[in-house]
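# let's see this in three dimensions:
(one chain, ligands or ions: 1)
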Amino acid sequence: TDLFQSPDYFNVDELLTEEQKLVRESVRNYVKKEISPIIEEYAQKAEFPEQIVKQLGEMGCFGPTIPQEYGGGGLDYISYGLMMQELERGDSGVRSTASVQGSLVMFPIYAYGSEEQKRKFLPKLASGEWLGCFGLTEPDFGSNPAGMMSSFKDAGDNVVLNGSKMWISNAPFSQVAVVWAKDENGEVRGLILERGMEGFSTPTTHGKWSLRASATGELVFDQVKVPKGNILPGVKGMRGPLSCLTKARYGIAWGSVGAAMDCYDTALRYSKERIQFDRPIGAFQLQQKKLAEMVTEITKAQLLNWRLGVLMNEGKATPQQVSMAKRNGCEIATNIARQARQMLGGMGITGEFSIMRHMMNLESVITYEGTHDIHLLITGMDVTGLNAFK
Ligand code: FAD
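Numbering: from 1, shown residues only. Take a look at the predicted model:
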C-alpha cells in the first residue's frame, strides 16, 4: 500500500505536464520498491548499495536532460527536478549518486567534451555500466576551490597530473573521474581519469555519520599520465566546474524538498496514531504548529522550485537563483527533519523510521555543493553588488 501522501497544498500538480507526472510516478514507485525497503540497513552498515547504479541507469536517472543520442533522457528540467525529489525522498545518498553522475560527470563531458569523448563515455555512464565521480574539493581548498593545488605538466602525448582531492562522492566505486586541475599557466582544466591509470587511487573515507549509504573517498594523483585526448577541450577556468555545480545544485533544491516531504508525511501519520493523555498527539496545538509550519515551508519551496524549473527550461535561470533555491531547500529540510524527529519522541531516533537518517544526511546536503554560508554570500553579492567573500 502506498502510505505516502504527497503534500501538495497549492495544487502544484496542475502546473505539471502529463510527462512530468509520469516521470515522477515511475521514480516514486522505484524508490518505494527498491530503495525504501533496503536503504536503512545499508545506511546502518555504512555500505553503498552498488546494485542501485544499474537500476538508476535503467530508470533514466543519470543525465535525464542530456539528449537521447548520447544515452540521456532528453527530458526537461522539471522532470529532472521531480526525479531528484523522489530519489531523495528515499535517501539523500541515493540522490547524490544520481546528481554526481548526471550533473557533475555527464554534463561536463556533454557540454565541454569532444565528440569522441562524448561517444566513449556518455552512453556507458547513462546506462549505469560505469559510475563516475567529480573531483573539485581538496584538503586545503573547499569553499575556495579556485585555490586548488592539483596540477599537470605537459609530457608529449600525455600530461602528468599530481595532487589530491577530498570528499569525493562515488569515488571508491567509480570507473571514471572528472578532475579539475591547473595547467602550467595556472588555468583550471577538466581531465577525464579512468580507473587503472598508474598512480591514480581512490581511498575510501570512513567514519561518516551522514550520507552513510553513499560512498565517499579521496582521489590521489601520483604522477598520473593522462592522455591529452582525455582533457575536456571546451572549457578553461573556474567556469567549467561552476557550471556543473549550477546543474547539480538545481537538483539539490528539489531533492532536499523530497527529504522534507518524507519527514513531514511520517510525522503527520504518526501524530494521528500516537496517543498520549488519551488523545492523538496531533490534537495538541504544539504539534499542529510544527506540522502547519512544515507544510507551509514545503509548499513555498515547491513553488520556488517549479518556477526555477521553468526558468531553467527557458535557459534564463541565473546561478544566483539556483543558489537561493539550493539554500532554501536545505534550510527548510534540515529544520523540518529536526522538528519531525522530535514529534516521534523516542521512536524518532530509531531506524524504524526514516527521519533520523534524513536529518543526518541533510547535514552533508547543506554543506556540499557550496555551504549554507557561501550561498547566502552569493545572494548578498548579487543584491548589493558588493563582494563579501574575502
Ligand atoms: P570550508 O571551506 O573549510 O568551510 C568551513 C566553514 O567556513 C563553513 O561553515 C563555511 O561556510 C565557512 N566559510 C568558508 N568561507 C567563508 C567565507 N568567505 N565567509 C564566511 N564563511 C566562510 N566535493 C567535490 O568536489 N566532489 C564531491 O563529490 C563532493 N562530495 C561531498 C560529499 C560529502 C558527504 C561531503 C561532506 C562533501 C563533499 N564535497 C565534494 C565537498 C564539499 O563540497 C565541501 O565540503 C564544501 O564545499 C565545503 O568545503 P570544506 O568542507 O573545505 O569547508
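# residue in the stretch 101-250 of the chain nearest to the ligand?
Here the residue of the stretch 101-250 of the chain nearest the ligand is Gly142; by C-beta to the nearest ligand atom that distance is 1.8 Å. C-beta here means a position set from N, CA and C on the backbone, and glycine is covered the same way.
# mean confidence score for the helix or strand containing His375?
Assessed by DSSP states H and E, His375 sits inside helix 372-384. The pLDDT scores in helix 372-384 average 98.
# what packs against it?
helix 319-343 (3 or more C-beta pairs under 8 Å, 6 or more residues apart in numbering; DSSP states H and E).
# give me the angle between the longest helix belonging to the chain and helix 319-343.
Determined from DSSP state H, the single longest helix within the chain is helix 239-273. Here helix 239-273 runs at an angle of 30 degrees relative to helix 319-343 (axes from the mean of the first three to the mean of the last three C-alpha atoms, to 10 degrees).
# tell me the angle helix 239-273 makes with helix 372-384.
110 degrees.
# in helix 239-273, what counts as buried?
Using 16 or more other C-beta atoms under 10 Å as the burial criterion, the residues of helix 239-273 that qualify are 240-268, 270-271.
# is stretch 153-173 anywhere near the ligand?
Yes - on the criterion C-beta under 6 Å from any ligand atom, stretch 153-173 is in touch with the ligand at Trp167, Ile168, Ser169.
# output the residues you listed in TSV; the columns should cover neighbour count and distance to Ile52.
Output for the residues of stretch 153-173 next to the ligand, formatted as TSV (neighbours: other C-beta atoms under 10 Å; distance: C-beta to C-beta, whole Å):
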residue	neighbour count	distance to Ile52
Trp167	20	21
Ile168	25	18
Ser169	24	13
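# in the stretch 51-200 of the chain, which spans are strands?
132-135, 151-155, 158-169, 176-182, 188-194, 200-201 (DSSP state E, counting those that start in this stretch).
# can you lay out these as a markdown table showing mean pLDDT?
Shown next, in a markdown table, are the strands of the stretch 51-200 of the chain (pLDDT from 0 to 100):
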| stretch | mean pLDDT |
| --- | --- |
| strand 132-135 | 98 |
| strand 151-155 | 98 |
| strand 158-169 | 98 |
| strand 176-182 | 98 |
| strand 188-194 | 98 |
| strand 200-201 | 98 |
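# what's the most buried one of those?
strand 132-135 (a mean of 28; mean count of other C-beta atoms under 10 Å).
# name the strands paired with that strand and say parallel or antiparallel.
strand 176-182 (parallel) (DSSP bridges).
# does the strand it pairs with reach the ligand?
No - if you take C-beta under 6 Å from any ligand atom as the test, strand 176-182 misses the ligand, and the best it gets is 8.1 Å.
# what's the angle between that strand and strand 151-155?
Taking the same axes, to 10 degrees, one finds strand 176-182 and strand 151-155 inclined to each other by 90 degrees.
# contact partners of strand 176-182?
Strand 176-182 has contacts (C-beta atoms under 8 Å, 6 or more residues apart in numbering) with 104-105, 108-109, 121, 125, 130-136, 145, 148, 150-152, 161, 163, 165, 168, 171, 188-195, 200, 202, 219, 221, 232, 240-241, 244.
# ok, back up a step: just give the nearest non-adjacent residue to the residue of the stretch 101-250 of the chain closest to the ligand, would you?
Closest residue to Gly142 apart from its sequence neighbours, by C-beta to C-beta, 6 or more residues apart in numbering: Trp167 at 7.7 Å.
# contacts only, for the one you found.
Neighbour list for Trp167: Thr137, Gly142, Thr205, Thr216, Glu218, Tyr368 [criterion: C-beta under 8 Å, 6+ apart].
# show me where this structure has helices.
Ranges of helices in the chain, per DSSP H, are 18-30, 36-45, 52-58, 77-90, 92-99, 107-112, 115-127, 239-273, 285-313, 319-343, 355-365, 372-384.
# tell me the most buried of the ones you listed?
helix 92-99 (a mean of 30).
# now the residue nearest to Asp373 when sequence neighbours are not counted: phi and psi?
Once flanking residues are discounted, Asp373 sits nearest to Ser143: 7.8 Å by C-beta to C-beta, 6+ apart. The phi/psi pair for Ser143 (degrees, to the nearest 10) reads phi -70, psi -20.
# quick check: Ser143 touching Thr371?
Yes - shown here, Ser143 and Thr371 form a contact pair, counting by C-beta atoms under 8 Å, at 6.1 Å.
# near the ligand, which residues of the protein are found?
100, 133-137, 142-143, 167-169, 211, 216, 364, 367-369, 371, 373-374, 377, 389.
# if we ignore the residues flanking it in sequence, what's nearest Met197?
Per C-beta to C-beta, 6+ apart, closest to Met197 is Val224, 5.3 Å.
# is Asp8 in contact with Trp306, as I believe?
No - using C-beta under 8 Å as the test, Asp8 is too far from Trp306 to be in contact (11.0 Å).
# distance-wise, check the residue lying farthest from the centre of the chain relative to Ala301.
Ranked by distance from the centre of the chain (C-alpha atoms, centre = their mean), the top residue is Asp278, with 42.8 Å. Noted for Asp278: a distance of 36 Å to Ala301, by C-beta to C-beta, to the nearest Å.
# could you do Gln117 as well?
36 Å.
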